[in-house]
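Q: Here is a sequence together with a model predicted from it:
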Amino acid sequence: MEVKSVSEGRPDRVIALLSQAILQACRHAERSGLSPLAIVYVGNASPSLQQKVEQFHHDYASDVAVGLVTGEGGSHFIGPGLDSLNVEAPRRFGKLKAAKPRRANDLFSDLNQWMLKVLLAPELPEDLLNAPRADYRSVSALAGAADVSLMSASRFVQRLREDGFLDDSGDAFRLVRRHELFKLWQSAALRSSPELRMSYVIPGSGIRQLQKSASRLNACIGLFAAADLLNLGHVSGVPPHLYVRRLAPSSKADWPGLVPSGPGEHPQIILRQASAPESMFRGAVRVDDVPVADVLQIWLDASAHPARGAEQADLLRRKVLSGVLGDNA
């Protein structure tokens, strides 16, 4: 079974996706010895769309089972033994409610942030962002490079198109209207994350001790300490941040080598749960074999940090990110 998804019930888009689903389902079926089933999920479907799907199936793929499933609750399947799956969409009466606007944060899910970095990677040096570098002419190419599911990449590209941030009219996907895009990304990065204020069991300082802690905790060095390690530092006097995938209850067993800082005690290190761990850890570069946040991640986190974060973000913009952020457009 191969499933495709599209928000609009335009026949040209639905038939194109159905054609692709039929080809892929047939290939899977040949390998597994099963019967193919191609399905398209669409937000809403008119009776004329259903008729066009039936006609296309009759003319070109009568030997393959197909299905049209709608967000309105209806489904229409064509194929032996599938009649029981057919459900008529409930009729709508009265005035339709206005659609709720989608939140900007929906565009900046964890994997979506990672795919944004993949699209931007060719514009940044490899020692500032760890990501594949290529031009992507299709959703499947992007999904393969980013190591995400085809469905995740398809939803991401569709959302970029709908919001006007993607130009796919040329030879490759290209992000446009970047000033607005990055403002929204900054807003999404303002989400608070759990953190622990910690001190070393054996008091010390210096980058080597920080790197050892990062290795021991499978953590990623972030924020101002990461900027220092990438030779892009600007702010001093702020406790270094280590990003972990998940903060467990604080105990010596959980965080070897560290203890919670006492009340009123200045922490030596801050453990923070990454709000987008896939984007954070996949994009991290390695310095002395220790994960260090990429330059885009540092810019996002610094922009939201109250302790001279704006200064650090501005330095990164001027030194590295001006073109990426659309300043030169």
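A: It's in.
Q: Buried residues of stretch 68-84, list them for me.
A: Within stretch 68-84, the residues that count as buried by 16 or more other Cβ atoms under 10 Å are 68-70, 72, 74-79. Heads up, the C-betas are built off the backbone N, CA and C, glycines and all.
Q: So, low pLDDT: which residues of this structure?
A: Residues of the chain that meet the criterion pLDDT under 70 lie in 89-105, 204-205, 248-253, 328-329.
Q: would you turn the buried residues of stretch 68-84 into JSON lines with distance to residue 281 and secondary structure?
A: Listed next are the buried residues of stretch 68-84 as JSON lines, based on distance: Cβ to Cβ, whole Å; DSSP: H, G, I helix; E, B strand; the rest coil:
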{"residue": "68", "distance to residue 281": "39", "secondary structure": "strand"}
{"residue": "69", "distance to residue 281": "35", "secondary structure": "strand"}
{"residue": "70", "distance to residue 281": "38", "secondary structure": "strand"}
{"residue": "72", "distance to residue 281": "39", "secondary structure": "coil"}
{"residue": "74", "distance to residue 281": "41", "secondary structure": "coil"}
{"residue": "75", "distance to residue 281": "39", "secondary structure": "strand"}
{"residue": "76", "distance to residue 281": "43", "secondary structure": "strand"}
{"residue": "77", "distance to residue 281": "41", "secondary structure": "strand"}
{"residue": "78", "distance to residue 281": "44", "secondary structure": "strand"}
{"residue": "79", "distance to residue 281": "43", "secondary structure": "coil"}
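Q: Please tabulate these in CSV, including the columns distance to residue 137.
A: Shown next, in CSV, are these (distance: Cβ to Cβ, whole Å):
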residue, distance to residue 137
68, 28
69, 28
70, 30
72, 33
74, 34
75, 33
76, 33
77, 33
78, 32
79, 33
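Q: From these, pick the one nearest residue 17.
A: Residue 17 has its nearest neighbour among the buried residues of stretch 68-84 in residue 68, at 10.6 Å by Cβ to Cβ.
Q: Contacts only, for the nearest residue to the closest one once chain neighbours are set aside.
A: Leaving aside its sequence neighbours, residue 68 sits nearest to residue 76 (Cβ to Cβ, 6 or more residues apart in numbering; 4.7 Å). Neighbour list for residue 76: 45, 50, 53, 67-68, 86 [criterion: Cβ atoms under 8 Å, 6 or more residues apart in numbering].
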